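Student: have a look at this prediction, sequence included:
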Amino acid sequence: MGLFECRRSRTCPTSHHKEKNKMKHAFRAVAALILCWVTVFCLPQQVYAADVTQTAEEILLARVQADNGDSVQQWIEETLCAAAGSGSADWYIMALSHSTEAYDLTAYGNALEKVLHQSGSSGVSRQRNALAYLAVFPQSVNAFRSLADETLGQQGIMSLVYGLHLQNNGVPASVSAEDTVSRLLSMQLADGGWAISGSQSDVDVTAMTLQALAVHKEEPAVAAAIEKALEHLSAVQLEDGGYQSYGTANPESAAQVWMALSLLGIDGLTDARFIKYCTLYDAVMAFSCGEGLFSHTAEGSANAMATVQVYLALTAYDRLLKGQDSFYHFADAIPLPEESTVSQITTVTTTTTTTTVSSQSAAASAVQTGSATAAETEETTTSAIVTTAKPRVPFVWQPDAYLLKWVLTAAVLVGAAIGVLVLMKRGRRHILCYIAVALVAALLIAAVHCLRIESPDDYYQGSGSVTDAAGEVTVSISCELLPEEHHHTALPEDGQILGETKAAFAQGDTVLQVLRQLCREHHIQHEIDGTDALAYVKGIADLYEFDYGELSGWVYLVNGERPSVGCGQYTLSDGDVIRWVYTLEQGNDIP
């Protein structure tokens, strides 16, 4: 019995070991779960933080190298200052104002102030210019009261969005920020988003509206609207983590959503609502061309618009991870030097005799491309009413332009001589008086010789036959959607400004280049805003954007479809049929 009991007692340690093994397995299971949780939710943020920083640095380096700069500071003072007021330049300055490198942005602010005093830019472009100015001189909010009153809510939803950004930075206006917020909330569509027009929301407009509302997210009505919009954005996100605008996937839309989430305090790379098979970062990087450049479409070439918007999203996300303030809040930007004083910004209307190249109108670009993001900026650039200088055609003079310049020069010299004689007659002997006359004369002579003077034949002469033609396209220009009672005398009764016309094109030519060629050949007045890939058509045959409402303007179609890129980016193919149509409803009225 004792032996039996002894043997029984020896079985107890075995049972005890089994219990200990079970505990070990349970502990390991818990440890594995914790490790998985850390791997899924903690490590990705650290990895993404490093990736975000590296990608942002690559973009900046690529831009500096592309413009042959030796440093970011040199790039700011030379390239960006020369492009002051353009979309990309403004956006880069806003982002760089938050940089830990503390770049000196004063030169850009001074260059931008000159742009702000000029007319010709759309209201939304001026609002963006003002935001960029505040990024440099954040204490200058009172300088923009007039601008805010002139533009806030006057030109569609995007003028409310950018106007609210200004108000969020302390710019005073005749209407309160609360009123602006209420107007935006009243424009929310049934699906939870916002759009420039129509009943279906647009991803870009929705994201940009959320960016402006983010500052007011604690207000109950705003919080409810934001939650509804987030549900919509989560529902329309693609499986690869990206977004599309007008049926085309692009990095700009994904970048805008990512930026909106960052401004709302939401980590878009770990929030389950915005992770499908991939994250927003993965979606954006799918458009990388390498070396800090991004394309607008899959497998497309590098695009300045796409690149700058990705840079903005990276900057906003970096600020979120560091617990810093909103991207659009510039109170912590580089302070205004004590000796700097900024006067009230007012618009000076000027008369120009040449085609104006000013800040890109976001809304007009949106109308032509069907995308609000393409509007941003550079620059896609958002509804706007443009004050266009008169006359809209180049200076006309029948005699030889070269002879005219010398005639005007002689007139200036005669005027200077008369001025000298008057001074002598009045007994003014001081040398400074005569120096002043000489300086004025020199400036006038320089202005005369810098003036572009062309006869109609010179200006409208065709570019001649295209050498090494790559193909032929058919182009037409129509304003037939205008009601007959609104036709002015310069427009044809049937609305056909240019009937279907064949045009040869060279390899690499764009829709814009062929339009310019045909307008000159057929003596059709036209005005282009912006340059190269960021250009868009403001007016044809004296019919301008926003002449018939905030949704009116020129749009183009290729083979019956509206491309998602600007006319300066769309490369032609043989047999393309291009229609330029003046729309009253942002293209929704085109049959």
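Tutor: Nice, I can see it. Numbering: from 1, shown residues only.
Student: return the distance of stretch 511-530 from the chain's centre.
Tutor: 23 Å (Cα atoms, centre = their mean, to the nearest Å).
Student: where do the strands of this protein begin and end?
Tutor: 243-245, 248-250, 288-290, 293-294, 469-478, 496-506, 526-529, 536-540, 543-544, 553-558, 577-583 (DSSP state E).
Student: return the list of strands paired to the first one, each annotated with direction.
Tutor: Strand 243-245 has the following strand partners under DSSP bridges: strand 248-250 (antiparallel).
Student: can you check the fourth one too?
Tutor: Counting by DSSP bridges, the strands paired with strand 293-294 are strand 288-290 (antiparallel).
Student: figure out how far the strand it pairs with is from the centre of its chain.
Tutor: Worked out by Cα atoms, centre = their mean, strand 288-290 lies 20 Å from the chain centre.
Student: buried set for it?
Tutor: In terms of neighbour count (16 or more other Cβ atoms under 10 Å), strand 288-290 has its buried residues at S288, C289. Every residue, glycine included, has its C-beta placed from N, CA and C.
Student: what average pLDDT does it get?
Tutor: The average pLDDT within strand 288-290 is 90.
Student: correct me, but D271 touches L261?
Tutor: Yes - D271 is within contact range of L261, at 7.1 Å (criterion: Cβ atoms under 8 Å).
Student: ranges for the helices of the stretch 201-350 of the chain?
Tutor: 203-213, 220-236, 251-263, 280-285, 304-321 (DSSP state H, counting those that start in this stretch).
Student: tell me what the longest one is packed against?
Tutor: Going back to what we said before, that points to helix 304-321. Helix 304-321 is packed against helix 43-66, helix 87-96, helix 251-263, helix 280-285, strand 293-294, with contacts defined by 3 or more Cβ pairs under 8 Å, 6 or more residues apart in numbering; DSSP states H and E.
Student: for the second one, same thing?
Tutor: Under the contact criterion of 3+ Cβ pairs under 8 Å, 6+ apart, the helices and strands touching helix 220-236 comprise helix 177-186, helix 203-213.
Student: tell me which residues of it are tucked away?
Tutor: Buried residues in helix 220-236 (16+ other Cβ under 10 Å): V222, A225, I226, A229, L230, H232, L233, S234, V236.
Student: what average pLDDT does it get?
Tutor: 97.
Student: angle of that helix against helix 251-263?
Tutor: Using axes from the mean of the first three to the mean of the last three Cα atoms, to 10 degrees, the inter-axis angle of helix 220-236 relative to helix 251-263 is 140 degrees.
Student: outside of helix 220-236, which residues touch it?
Tutor: The contact list for helix 220-236 (Cβ atoms under 8 Å, 6 or more residues apart in numbering) reads 181, 185, 188, 191-194, 201, 203, 206-207, 209-210, 213-214, 216-217, 243, 257, 260, 264, 266, 273-274.
Student: between it and helix 177-186, how big is the angle?
Tutor: Using the same axes, to 10 degrees, helix 220-236 lies at 40 degrees relative to helix 177-186.
Student: next: the third one.
Tutor: Orientation note: helix 251-263 sits at an angle of 130 degrees relative to helix 177-186 (the same axes, to 10 degrees).
Student: helix 251-263 packs against which elements?
Tutor: Other elements packing on helix 251-263 under the criterion 3+ Cβ pairs under 8 Å, 6+ apart are helix 203-213, strand 243-245, helix 280-285, helix 304-321.
Student: most tightly packed of those?
Tutor: Burial of the helices and strands packed on helix 251-263 is given as mean neighbour count (mean count of other Cβ atoms under 10 Å); helix 203-213 ranks first at a mean of 28.
Student: domain parsing for this structure?
Tutor: Per the record, the chain has its domains at 48-321, 401-453, 461-583, by automatic domain parsing.
Student: out of these, deepest packed?
Tutor: It is domain 48-321: most buried of the domains of the chain by mean count of other Cβ under 10 Å, with a mean of 21.
Student: how distant is it from the center of its chain?
Tutor: 8 Å.
Student: same list, the helices and strands packed on helix 220-236, but as CSV with distance to A83 and mean pLDDT please.
Tutor: Conversion of the helices and strands packed on helix 220-236 to CSV gives the following (distance: least, Cβ to Cβ, whole Å; pLDDT from 0 to 100):
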stretch, distance to A83, mean pLDDT
helix 177-186, 30, 96
helix 203-213, 22, 96
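Student: need the ones you listed in CSV (columns: distance to T474).
Tutor: Listed next are these as CSV, based on distance: least, Cβ to Cβ, whole Å:
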stretch, distance to T474
helix 177-186, 43
helix 203-213, 32
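Student: out of those, the one nearest W580 is which?
Tutor: W580 lies closest, by Cβ to Cβ, to one member of the helices and strands packed on helix 220-236: helix 203-213, at 23.9 Å.
Student: tell me what the closest one is packed against?
Tutor: Helix 203-213 packs on helix 157-168, helix 177-186, helix 220-236, strand 243-245, helix 251-263, going by 3+ Cβ pairs under 8 Å, 6+ apart.
Student: keeping just the C-alphas, turn it into CSV.
Tutor: Only the C-alpha atoms of helix 203-213 are listed here, as CSV (Å, rounded to 0.1, in the frame of the first residue of the first chain):
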residue,chain,number,x,y,z
VAL,A,203,-13.2,62.7,-54.5
ASP,A,204,-10.8,65.7,-54.9
VAL,A,205,-13.4,68.3,-54.0
THR,A,206,-14.6,66.2,-51.1
ALA,A,207,-11.0,65.8,-49.7
MET,A,208,-10.2,69.5,-50.2
THR,A,209,-13.4,70.5,-48.4
LEU,A,210,-12.5,68.2,-45.5
GLN,A,211,-9.1,69.9,-45.3
ALA,A,212,-10.7,73.2,-44.7
LEU,A,213,-13.3,71.9,-42.3
